[in-house]
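Undergrad: Generate a structure from the sequence data that follows.
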Amino acid sequence: MKRLFAALTVCAAVGFAATPSLAAEVAYKLDSSHTETMFIIDRFGFNSVIGLFGGAEGTIWLDEAAPEKSRVEATIQVGSLQSGHATRDEHLKAARWLNAPAFPTMTFKSTKVEKTGPDTAKVTGDMTIMGVTQPATLEVKLNKIGTAPNNQKKQAGFTITGAISRKAFGSATGAGAIGDSVAIRIEALAIAQ
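TA: Have a look, this model is predicted:
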């Protein structure tokens, strides 16, 4: 009887160890010093203007076991815009373009995550620019999850791409001369909390 009990105990222990643990989502805060949002827009058909927003804040709730349950909320400070030319930066932040005084932030809040590969997903959500909210879908690539060598904190890095119509968000300045499609690329780093 003792042997049978011992054997059952071992089997139960092995069975429990073999059962995958139920992973829960982990909250990662965006590191604003290592997260940049770039936009590219056609200018008169001659070239494209490239700009960067710093000042990103937000949280990514990452569920590694079930990525489709992951979610994100992020905010970008419009006033952080830099395009490499001070006068153009002033114009882009002014009422005629992004109207930073009236709408100081842009936001994105996910509504759906669809896994498309081992480390890729389509993330759909509500994007708000200049007070207008529209659905937007972004392509997300998880670059790496791991411990950073400089501070030993668990981090996750992402490359995010997509495009939006500026007209959909109420920006018609220069229509026909300045492109409507705005390409987006975000290099994001987030730190586990």
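
Undergrad: For Lys69, which non-adjacent residue is spatially closest?
TA: Asp63 (4.3 Å; C-beta to C-beta, 6 or more residues apart in numbering). No exception for glycine: its C-beta is placed from N, CA and C like everyone else's.

Undergrad: Now the phi/psi pair for the one you found, please.
TA: Note on Asp63: backbone dihedrals following degrees, to the nearest 10 are phi -110, psi 100.

Undergrad: For the biggest strand by length in the chain, which strands pair with it and how are they oriented?
TA: Longest strand in the chain, counting residues (DSSP state E): strand 132-147. Strand 132-147 pairs in its sheet with strand 120-129 (antiparallel), strand 154-165 (antiparallel), by DSSP bridges.

Undergrad: For Phe44, find the nearest of those.
TA: Ranking those by proximity to Phe44 (C-beta to C-beta) places strand 154-165 first, at 18.4 Å.

Undergrad: Check the average confidence over the longest strand of the chain, would you?
TA: Strand 132-147 shows an average pLDDT of 98 in the prediction.

Undergrad: what's the answer for stretch 102-121, then?
TA: Stretch 102-121 carries an average pLDDT of 97.

Undergrad: Now it: buried residues?
TA: Using 16 or more other C-beta atoms under 10 Å as the test for burial, stretch 102-121 gives Phe103, Met106, Thr107, Phe108, Ser110, Val113, Ala121.

Undergrad: Out of these, flag the one nearest to Ala74.
TA: Of the buried residues of stretch 102-121, the one sitting nearest to Ala74 (C-beta to C-beta) turns out to be Phe108, at 5.0 Å.
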